[in-house]
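>>> Generate a structure from the sequence data that follows.
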Amino acid sequence: MSGDVILSELSRIHPVSRETFARLKILVARIEEWQKKTNLVAPSTLNDIWNRHIADSLQCISLKPEARSWVDIGSGGGFPGLVIAAIMADYEDSSVSLVESIQKKCSFLRQVNRQMQTRAQVYCGRIEDINSFVSQPEIVTARALAALPLLLKLASPWLLNGATALFHKGREFEAELADCDGLWEFDLVNHRSAISTDSVILEIRNLKQIKTNAE
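Below is the predicted model:
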């Protein structure tokens, strides 16, 4: 597809400026380069990266276009974190924090963040060890990181303080929601993915931890 066609398709999810598109092209080029030595995305999705990864990530912005402070946990190959950072680069009052535990992937995130000239902060370490250093965001995102009960635990320092979660999930999301019974209470909005009929984005607000008898 030509650049104009790709830009048009992306803008159906969320408006993308020419400047943002230029940043996203850098991200795609670096993914294709690093993928030869580091598994950043599933190899089967590489030929459809603009749809499966870029457009999919843009859905987070389309759901919360007014948000300016974001934390992406388990950022890996930069989805959705670096895509969010590419959009937020147009807003001087924005902040994007990327949390990743694997050093090689942190190196990738830092290199691409620098080349895209975005202002994301990359934190390299386990989420449990990093969360106290990351400012309270409006939105916490995660994509293909962990089952929902664990995701809520990892993100709880921010969610319990009022942040909203946007978690990409696949066809097993209902079972994961059931696994949260007795552990967590929250308000839920289930957004069907515009990219894949098998996927959803779970919007979770007002998280509360349910006390167990042991507590």
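>>> Check which helices and strands the helix or strand that contains residue 152 sits against.
Per DSSP states H and E: residue 152 is located in helix 148-159. Counting contacts by 3 or more C-beta pairs under 8 Å, 6 or more residues apart in numbering; DSSP states H and E, helix 148-159 packs against strand 69-73, helix 127-130, strand 139-143, strand 164-169, helix 173-179, strand 184-192, strand 200-209. For the C-beta atoms, the positions are set from N, CA and C on the backbone; glycine is no exception.
>>> could you redo the last one with a cut-off of 7 Å?
For helix 148-159, the packing partners by 3 or more C-beta pairs under 7 Å, 6 or more residues apart in numbering; DSSP states H and E come out as strand 69-73, strand 139-143, strand 164-169, helix 173-179, strand 200-209.
>>> Tell me how far it lies from the chain's centre.
Chain-centre distance of helix 148-159: 14 Å, with C-alpha atoms, centre = their mean, to the nearest Å.
>>> longest helix in this structure, by residue count?
In the chain, assigned by DSSP state H, the helix with the most residues is helix 18-34.
>>> what about whichever helix or strand comes after it, distance to the chain center?
Counting by DSSP H and E, the element after helix 18-34 in chain order, helix or strand, is helix 49. Its chain's average C-alpha position is 15 Å from that of helix 49, according to C-alpha atoms, centre = their mean.
>>> Distance of residue 68 relative to residue 26?
22 Å (C-beta to C-beta, to the nearest Å).
>>> What count of nearby residues applies to residue 6?
Residue 6 has 19 neighbours, counted by other C-beta atoms under 10 Å.
>>> I figured it was touching residue 49, is that so?
No - look at residue 6 against residue 49 with C-beta atoms under 7 Å: they stay out of range, at 10.2 Å.
>>> Quick one: mean pLDDT for stretch 193-209?
For stretch 193-209, the mean pLDDT works out to 95.
>>> Ends of that stretch, what's the gap?
When the termini of stretch 193-209 are compared using C-alpha to C-alpha, to the nearest Å, they are 28 Å apart.
>>> Would you mark the buried spots in that stretch?
193, 195, 199-204, 207 (16 or more other C-beta atoms under 10 Å).
>>> Could you do stretch 26-42 as well?
Buried residues in stretch 26-42, counting neighbours by 16+ other C-beta under 10 Å, are found at 26-28, 30-31, 34-35, 40-41.
>>> ok, now stretch 179-194?
Here stretch 179-194 shows 180, 184, 186, 191, 193 as buried, counting by 16+ other C-beta under 10 Å.
>>> In the chain, which residue is most central in space?
Per C-alpha atoms, centre = their mean, the C-alpha nearest to the average position across the chain is that of residue 80, at 3.3 Å.
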